[in-house]
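Enquirer: Quick one: sequence and predicted model below, then my questions.
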Amino acid sequence: MATTNGTPNGTAASSKFEITPDEILKLIDPKDPEAYAKLGRAEGLAKLLHTDLHAGLHSGAADGQLAATDGDAEAGASNTALAGGARRKSAASAHQQHNDLFEDRRKHFGTNQLPEPVSKSLIRFMLDAMKDKTLIGLSICAAVEIAIGIYKAAFAPVDQRETLGVIDGVAIIVAVLIVVLVASLNDFRKQAQFRKLTTFSKSLAVTKVYRDGRVQQIQNTNLLVGDLCQLETGDVLPADGVLVQGFSVEADESSMTGEPNAIKKDLEKDPFLLSGTKITNGQGRMLVIAVGCNSMNGRTMLALEVEPEETPLQAKLSNLADQIAKYGLGSAVAMLVILIIVYFAVPSSTPREGFKIANDIIAMFISAVTLVVVAVPEGLPLAVTISLAHATVQMLKDNNLVRHLSACETMGNATTICSDKTGTLTLNKMTVVQGQIAMVKFVREDLPDGFKSKFLGEQSSDRYSHQQKILQLFAQCLNINSSASEVRNRKDEVEFTGSKTEIATLNLTKGLGFPYQADRDTLKVVQVFPFSSERKRMGTVVEVAQDNAFEAALGITESADNNLRHWMFVKGASEIVLKGCISYVAEDGKVKPLTDDIRQKSLETIESYANGGFRTLCISFKPFHPRANPDEKPAEGELPDDAHSLILLATVAIQDPVRPEVPDAVKNCQSAGITVRMVTGDNLATASTIARECGILTDSNQIVMEGPQFRSLTPEMLDQVIPRLRVLARSSPLDKQVLVKALKRLGQTVAATGDGTNDAPALKGADVGFAMGIAGTEVAKEASDIVILDDNFASIVKAVLWGRSVYDSVRKFLQFQLTVNVTAVLLTVVTSVVTTATGDHTPTPVLKAVQLLWVNLIM
C-alpha cells in the first residue's frame, strides 16, 4: 500500500521502487530480523529505496546549480561551447531525474504528515449550541408566544386584539439566536487560535539528515523514506527506521510497546527504531523506512480521537455553575408554583376569561424558564476558555508556547521557580576565554597567533614539530569527542548546531588551525561513551596509525596493536576528569606523573576560573585497548574505561554571560512572592558567582549546596534545608526531581525548567514544566507544559504575568455575573409574586422575559 500526501492509497503502477509500504510494515510489526536479513539488511534496503548509506538522498541541487550557472562562462572555441552545452544538458537531465525520483518517492511512500483533524464549521458550532435544553425550552415558549400573538392580532375578539402581540415571542427568538451566535463565534475563534498554536508547534520540530553528502536541518514534515537521519540522545524519532551506524544506542519504546526498560539497539538482532519512541542513550544514524500514515506512530495517531482537555479552573467553575443552576432551577420552580397558587387563590377584581388565564399562565411559564436561563451562569467556563485562548496567543508572542492549557492557570499561583543556569539565566553564547594546554596558559586576547608563537617556539627548533603534534592532539580530543557539527539551516546558511559548550571548543580548534571536519574525515571512531548528566563527561576511542617518534617524545612506551594506536579522548567536568588522571603533559611536552603538588595547582587553577563565573572543562587522553566485544558492559563495580588512568592535557574556561534582563526579572519574581532557585551541573564556585550576578543569592543565610551532599540528606533534613536553599550545584536530574517533590510536599506550587532527556521526570513532576525551545531535546519538550522558544528566564516571568491575568479576569467576571444574576433573579421572583397577589392579580415582573434575556446576553 502506497500513500499520497501522507494518506493510504494504492501503489502506483509506475513506481520505480521494488518494495511497498505494506512489505516494510511487515518488517517492524512485529519486528522481523530474519526478513530484514533476507533483504540484505541496511545495504539491501538502501538499494531498494534508491539511497546511499553515507551521503543520504541525492536531491539534485548540485546538478541544478550546475545546469543554471555553467553557461555564465564565455565560450572560447566552438568545441568548448559544444562541450559546455552538453555538460549543462547532462546536468539538467540529472537534476530532472532526481526531482522525478523525489516526487515518485512521495507518491509511493507518502509524506511525513498526518491528515489534519476536521475543523468544525461555524454552522456546526451553532447546531451544537442549539442542543442546550434550556434554549430549546425557551424556543418552544417563544413559538407558543408567537402563536398567541398571531391569535391576538388576527383571531381574538376585536376589542381584545393586539397588533404588536408577536413582538415578545420574536424578540425571544432573536435573543436566543444571538446567544447561540455569540457562543458559536467564541468557540470557532478558540478553535482557530489553538489550530494556529498547533501548527506553530509542529513547525519547530526539525531533524538533521544527510542529503547530497552534507548534514542538513529540515522540518520533520519534509522527511522522506530513504533519508539518512542523525540520532542523538534525547531525540524523539519522527519516523520508522533501521539503525545503520551507532554507538551505545538505546531507545525507550514504552509509548509503543509498554516495555518500561530502555532497549539496546544493534545492527543485526534489533536495528528497528519506531516513530514516537525516544533515544535515551547513544548516537548514530538511521535509515528512514516509513513516514506519516505508514509509520507505526502515524497508524496509532489516526486511530485516536483526542478529547479536549478541561483545565482545573474550568472544572471548578463548571461545578460552581452546576450548583448555581440547581438553585436557579429551584427558584424558578418555586416561583412558578407560588404564582399559580396565588393566581388562582386570590380572587381577581375583574372576571377572567379562558383566553386571559391561558395567556397569564404561559407568561408565568416563560418567566420561569427565562429565570432558569438567567440563573445558570453558563458564561463562567466560557470566560475561562476565552481568557485562556487570549492568554495562550499573547504568550506565544512572549515566546511561551503553551502545550497544556492548565499550565496558564497554574503559573498564576507559582510560588517557586527551579531554573537551569545555562541558556536560561545566561545567554548560552559560549566562548573559550582562557585556559592552559600542556601547562602553558593562554587568554582569549592571545588567540591564535600569540599563544601559538609562545607554545610552539621557533619554527626551526626541534621542539616545534613535537609541540605542533601536541596541539593537534588537543584539537583531536575536542573535534572527535563532540556531537556538535555544522549544518545547513532552512535559509541554506551554514551554522553550528549542538551543545553550546562543544560549539565553543570547536571554534577554539578552528581558530588554532584545526577545523573539526578534517579530523572527523580522517580518524576512525571505534567506540563512544556518550555524555550524560550522571557521568558529566564524554569519551571517544579512535584508531590511528602509530607515530613512534611522537609517542617516544611524549614518553609513552606502551606497545600498540599491529602498528595501530587506539587513543581514548575524554572531556568533561574539570574536577571529575582530573580525579581520573594519574599523569599530565608537562610544559616540556613530556608525560609526567601527576603529583599531589601538580594536582593541587590544577585544582587551584580550576577554582580561579570558576570564581570568575566561567564553566571549566578538563581535556585528557590515554592509550586504550578496546574490549573484544564493544557492546559488553563493565562488570559490576568496574569503573568505565574513561574514568581512570587518564593523562591530563588541558583545562579551558568558557564564558557564558548572564542575560542582561535576568537580574530585573528575578527581582520582579521576588517582589511578587516567588522564590527563584538555580539548579545547575556547574561546580559550586561558578554557580555561586552567577547566582549573585542574577540576584538569586543575596543573603548569607541562604544555602548553596552540591548534588552529592543534597542526595545524602534525610527527608527531615530536606524540609529544614530547602526553604533556605537557593543554589544546587553539580546536580543530577534526579536531584532536581527530588527538589521538586520536596517543595511540593512543603505546599509550594513549583515551576521547573529543563533541556535534557533526563530532566523529563522533574518536568513531569513539577506543577508547570518549562522546556527549552532551542537547547531542549524532544523528550524534554514532550514532558513539558510550556516550551520557552527563546530559552530566556524573562519569558518565564511573562508566563507568570499571563497566568495571574487569567485569574484576575475570571475573578472580575465572576463578581460581575453573580451580582447581576442574583439581582435579576430576586427582582423577578419578588415582583412577580407581589404583582400577582395585588392590583389586577396579573404577574408583571419588573424585568420581562425579553429584558432578562438581553441582560443575560450582555453578560
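Expert: In hand now; what should we look at?

Enquirer: Just the mean pLDDT for stretch 711-724, thanks.
Expert: For stretch 711-724, mean pLDDT rounds to 92.

Enquirer: So for it, what gets flagged as buried?
Expert: In terms of neighbour count (16 or more other Cβ atoms under 10 Å), stretch 711-724 has its buried residues at 713, 718, 722. Using the backbone N, CA and C atoms, a C-beta is placed for each residue, glycine as well.

Enquirer: Phi first, then psi, for the residue nearest to residue 531 when sequence neighbours are not counted.
Expert: Among residues not flanking residue 531 along the chain, residue 538 sits closest, at 3.8 Å (Cβ to Cβ, 6 or more residues apart in numbering). Here is the backbone geometry of residue 538 (degrees, to the nearest 10): phi -140, psi 140.

Enquirer: and residue 538, what does it touch?
Expert: 481, 482, 528, 529, 530, 531, 570, 571, 572, 642 (Cβ atoms under 8 Å, 6 or more residues apart in numbering).

Enquirer: so what's the last one closest to, chain neighbours aside?
Expert: What it means is residue 642. That would be residue 539: by Cβ to Cβ, 6+ apart, it lies 3.1 Å from residue 642.

Enquirer: Equivalent analysis for the third one, please.
Expert: In this structure, residue 528 finds its nearest non-sequential neighbour in residue 247, 3.6 Å apart by Cβ to Cβ, 6+ apart.

Enquirer: and that neighbour, that one's in a strand?
Expert: Yes - under DSSP: H, G, I helix; E, B strand; the rest coil, residue 247 falls within a strand.

Enquirer: And it, how close does it get to residue 476?
Expert: 17 Å (Cβ to Cβ, to the nearest Å).

Enquirer: Excluding its own residues, what touches the helix or strand residue 479 falls within? List them.
Expert: Assigned by DSSP states H and E, residue 479 belongs to helix 462-480. Identification of contacts with helix 462-480 by Cβ under 8 Å, 6+ apart yields 437-438, 452, 455-458, 502, 505-506, 508-509, 512, 514-516, 519-520, 523, 525, 540, 542, 547, 550, 553-554, 567, 569-571, 585, 589, 619-621, 649-650.

Enquirer: Could you list which residues are in contact with the residue nearest to residue 528?
Expert: Each residue near residue 247 by Cβ under 8 Å, 6+ apart is listed here: 282, 283, 284, 525, 527, 528, 530.

Enquirer: Let's have the residues you listed in JSON lines, adding neighbour count.
Expert: Listed next are the contacts of residue 247 as JSON lines, based on neighbours: other Cβ atoms under 10 Å:
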{"residue": "282", "neighbour count": "21"}
{"residue": "283", "neighbour count": "19"}
{"residue": "284", "neighbour count": "21"}
{"residue": "525", "neighbour count": "15"}
{"residue": "527", "neighbour count": "20"}
{"residue": "528", "neighbour count": "22"}
{"residue": "530", "neighbour count": "19"}
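
Enquirer: Inside strands: which ones of those residues?
Expert: Members of the contacts of residue 247 lying in strands (criterion: DSSP state E): 282, 283, 284, 525, 527, 528.

Enquirer: ok, which stretches of the stretch 101-250 of the chain are strands?
Expert: Applying DSSP state E, counting those that start in this stretch to the stretch 101-250 of the chain gives strands spanning 206-211, 214-219, 228-231, 240-252.

Enquirer: Between those, which one is closest to residue 740.
Expert: Comparing these against residue 740 with Cβ to Cβ, the closest turns out to be strand 240-252 (20.9 Å).

Enquirer: hmm, back to that, of the buried residues of stretch 711-724, which belong to strands?
Expert: Going by DSSP E, the strands hold none of those.

Enquirer: Neighbours of the residue nearest to residue 642, how many?
Expert: When counting by other Cβ atoms under 10 Å, one arrives at 26 neighbours for residue 539.

Enquirer: what does the one 3 residues further on give?
Expert: Here the number of neighbours of residue 542 (other Cβ under 10 Å) works out to 24.

Enquirer: secondary structure class for it?
Expert: Here residue 542 is strand, with the state taken from three-state DSSP.

Enquirer: Contacts only, for it.
Expert: Residue 542 touches 476, 480, 523, 524, 525, 526, 566, 567, 569, counting by Cβ under 8 Å, 6+ apart.

Enquirer: Neighbour-wise, give me the winner out of those.
Expert: residue 569 (28 neighbours).

Enquirer: what's the distance between residue 828 and residue 141?
Expert: Relative to residue 141, and taking Cβ to Cβ, residue 828 is found at 15 Å.

Enquirer: Give me the more crowded residue out of the two.
Expert: residue 828 (26 against 21).

Enquirer: and the more buried one, what does it touch?
Expert: Residues in contact with residue 828 (Cβ under 8 Å, 6+ apart) are 335, 367, 370, 371, 374, 845, 846, 847, 852.

Enquirer: Excluding covalently adjacent residues, which one is nearest to it?
Expert: Spatially, and ignoring its direct neighbours in sequence, residue 828 is nearest to residue 845 (4.7 Å; Cβ to Cβ, 6+ apart).

Enquirer: what kind of secondary structure is that neighbour in?
Expert: Going by three-state DSSP: residue 845 is coil.

Enquirer: ok, it - how many residues close by?
Expert: 26.

Enquirer: Hmm, it is touching residue 833, no?
Expert: No - counting by Cβ atoms under 8 Å, residue 845 sits too far from residue 833 to count as a contact (9.2 Å).

Enquirer: hang on, the earlier thing: could you report the separation of the residue nearest to residue 531 from residue 215?
Expert: 19 Å.

Enquirer: related to what we said a few turns ago, looking at the strands of the stretch 101-250 of the chain, spot the one closest to residue 664.
Expert: strand 206-211 (32.2 Å).
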